[in-house]
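1. using only what follows, build the 3D model:
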Amino acid sequence: MTTPSEAPGLPALSKPQFIALMAMLMAINAISIDIMLPGLQEIGASLGVADENTRQYVITAYLLGMGCAQLVFGPLSDRFGRKLPLLGGLGLYALCALAIVFIPSFTGLLALRFIQGIGAAATRVITISIVRDVYGGRMMAEVMSLVLMVFMIVPVIAPSVGQLIMIFAEWHMIFVVICLFALLVASLVMLRLPETLSPEHRRPFTVTSILAGFRIVLTNRVSLCYSLAASFLFGSLFGFINSAQQILVGIYGLGHWFPLVFAGFASMMALASFTNSRLVKRYGMRRLSHGALIGFVVSSLIWVVASVSGVLPFWLFAVLYASAMFQFGLIGSNFNAMAMEPLGHVAGTASSVLGFTQTIGGATIGALIGQEFNGTVTPLAIGFLSVSVIGLGFVLTAEKGKLFSPHNPAV
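-> Numbering: from 1, shown residues only. You can find the predicted model right below:
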């Protein structure tokens, strides 16, 4: 395995610095979604979009672009290394963010958001590939948990930053801010990040090689099933993000408290990621994530029963949703690590296929859940329960019906 400091001519990266840089790369996607949630209403009003559910496509278009492009960035990074494609993606992302400032129509905005998602795909695919280049097994799960913990701080502060921007400027300034952040991250990658893919692991960028890599990924039962399970569970998260403004402001009338409450929910996932990083080496990925998935199902079932029984008070909604999100924080990094573990020799291609599955699947499922919004939280609760049960089915398939059993002491 490579270490993050093995690069001549570059300053050595300590483990905390490596984790921080990986978290900043992953945070690109969280910022692209969460910082604009307070501005969706003004974006719609400014560009002539009256329907609340239609405004959700600002998020969906970005996720679809990011999901599709991951299939390209993975093989590219397996051929040319991690650093060059990563910088190209960050450049495209920043350019689109700047172009959106001058766009006059909602259709044009959606088109640029889709292209911006294409650039952001590099940060999602290549970041996971870099971590897999450097770490494996439970150590990868620990590092990914710490990356996601820092990454989860973004949803805590991003809506508040978006709200602050909206107080002093109009919605266009949001895209100026995310453009500047992308340029900052690109500078750090250029100046501090070594190339982590060793020359002997590079694969040719040909149709035959790419298809062979895809075949390796798609025929691995454990990797594919854990990726599909994660896809459905990410759908629940995207479903909430799509309708968060309508639920927290429209139903519960939180108004300016919306960013603070949203931050509280995101904090539960950050806390769970930190907890996972402390426990995963002792108890293993399977015991933690399988237990959390069962907890997710139970929380969602209670939520559905409570919701269909009458109007759900905010305190009960908050408790049930926060409980589900804490379980989610114990699931995400472990499922990704288990999906990637058997595929280190094709890490870039594997990350692209798994990322495509999770992002496109999650975005589509999340859009379906969000579009069912009817002025209550019942559709969201039913969506959470449905995806968690389906996810449990995929995990049972991956493990041949036996949960909680480590495959080896390192996993």
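2. what about the helices in the stretch 1-150 of the chain?
-> Along the stretch 1-150 of the chain, the segments classed as helices by DSSP state H, counting those that start in this stretch run 15-34, 40-46, 52-55, 57-80, 83-100, 106-134, 137-168.
3. what residues of the shortest one count as buried?
-> Right, helix 52-55. Neighbour counts over helix 52-55 (16 or more other CB atoms under 10 Å) mark residue 55 as buried. Quick note: C-beta positions are derived from backbone N, CA and C, even for glycine.
4. before we move on, what about stretch 330-347?
-> Along stretch 330-347, the positions that meet the burial threshold by neighbour count (16+ other CB under 10 Å) are 330-344, 346-347.
5. how about stretch 162-179?
-> By neighbour count with 16+ other CB under 10 Å, stretch 162-179 contains the buried residues 162, 163, 165, 166, 171, 172, 174, 175, 177, 178, 179.
6. circling back to that earlier point, filter the buried residues of stretch 330-347 down to just the ones in strands.
-> With strands identified by DSSP state E, none of the entries of those belong to them.
7. sorry, back to before: any chance of the buried residues of stretch 162-179 in CSV, plus distance to residue 211 and pLDDT?
-> Compiled in CSV, the buried residues of stretch 162-179 are given as follows (distance: CB to CB, whole Å; pLDDT from 0 to 100):
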residue, distance to residue 211, pLDDT
162, 42, 86
163, 47, 83
165, 45, 89
166, 47, 87
171, 43, 89
172, 43, 90
174, 40, 92
175, 37, 93
177, 40, 93
178, 35, 93
179, 36, 95
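8. out of these, which one sits closest to residue 263?
-> Using CB to CB, the shortest approach to residue 263 within these belongs to residue 163, at 10.6 Å.
9. distance of that closest one relative to residue 25?
-> As for residue 163, its distance to residue 25 is 25 Å (criterion: CB to CB, to the nearest Å).
10. just residue 103 next, same as before
-> Distance check for residue 103 against residue 25: by CB to CB, it reads 26 Å.
11. as a markdown table, the helices of the stretch 1-150 of the chain with distance to residue 224 would be great.
-> Listed next are these as a markdown table, based on distance: least, CB to CB, whole Å:
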| stretch | distance to residue 224 |
| --- | --- |
| helix 15-34 | 23 |
| helix 40-46 | 35 |
| helix 52-55 | 32 |
| helix 57-80 | 15 |
| helix 83-100 | 24 |
| helix 106-134 | 16 |
| helix 137-168 | 18 |
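12. not counting its neighbours along the chain, what's nearest residue 291?
-> Closest residue in space to residue 291, ignoring its immediate chain neighbours: residue 404 at 7.3 Å, by CB to CB, 6 or more residues apart in numbering.
13. SS state for that neighbour?
-> coil (DSSP: H, G, I helix; E, B strand; the rest coil).
14. low-confidence stretches in the chain?
-> For the chain, residues meeting the criterion pLDDT under 70 lie at 1-12, 137-138, 150-152, 155-156, 209, 344-348, 406-411.
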